[in-house]
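Asks: quick one, fold the following:
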Amino acid sequence: MKKLSAVQLKQQALVFSVADKLEEQGRKELHGMVQCWFDVQYHEFPGSLLLRFQFEDEAALAAAEPDEKKWQKRLRAALLKRGVVFKDKRRHLIFTLAGPED
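Replies: The predicted model follows:
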């Protein structure tokens, strides 16, 4: 794996911080949420960022889906506070059953 530049390390720290905060909130508010994980290509940040909220089963996922837009707005707001602007907030957070290894 290629070593990250100083700027990319700052981006990584920012993404981890925001993801950890949202994961903590999600576990409190969303029944059946297992974890939050993400993919990002730092050379294409923030456009390549994709956070995933993983749920334990189909029923928990179906129950949470009406709140997906609310969580997309929370991600956008959390990153905006840190100076990161998204063009399309809906592309950067999804609810899923898949885990990082899938």
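Asks: contacting residues around the residue positioned nearest the centre of the chain?
Replies: Among the residues of the chain, the smallest C-alpha distance to the mean C-alpha position (CA atoms, centre = their mean) belongs to Leu51, namely 2.5 Å. Residues touching Leu51, when contacts are defined by CB atoms under 8 Å, 6 or more residues apart in numbering, comprise Ala19, Leu22, Cys36, Trp37, Phe38, Leu75, His92, Leu93, Ile94. (C-beta placed from N, C-alpha, C; glycine too.)
Asks: below-threshold pLDDT in this structure: ranges please.
Replies: Along the chain, segments meeting pLDDT under 70 span 1, 89.
Asks: and the helices in it?
Replies: For the chain, helices defined by DSSP state H occupy the ranges 6-29, 58-64, 68-80.
Asks: with distance to Lys87 and mean neighbour count added, can I get these in JSON lines?
Replies: Putting the helices of the chain into JSON lines (distance: least, CB to CB, whole Å; neighbours: other CB atoms under 10 Å) gives the following:
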{"stretch": "helix 6-29", "distance to Lys87": "17", "mean neighbour count": "15"}
{"stretch": "helix 58-64", "distance to Lys87": "25", "mean neighbour count": "15"}
{"stretch": "helix 68-80", "distance to Lys87": "10", "mean neighbour count": "16"}
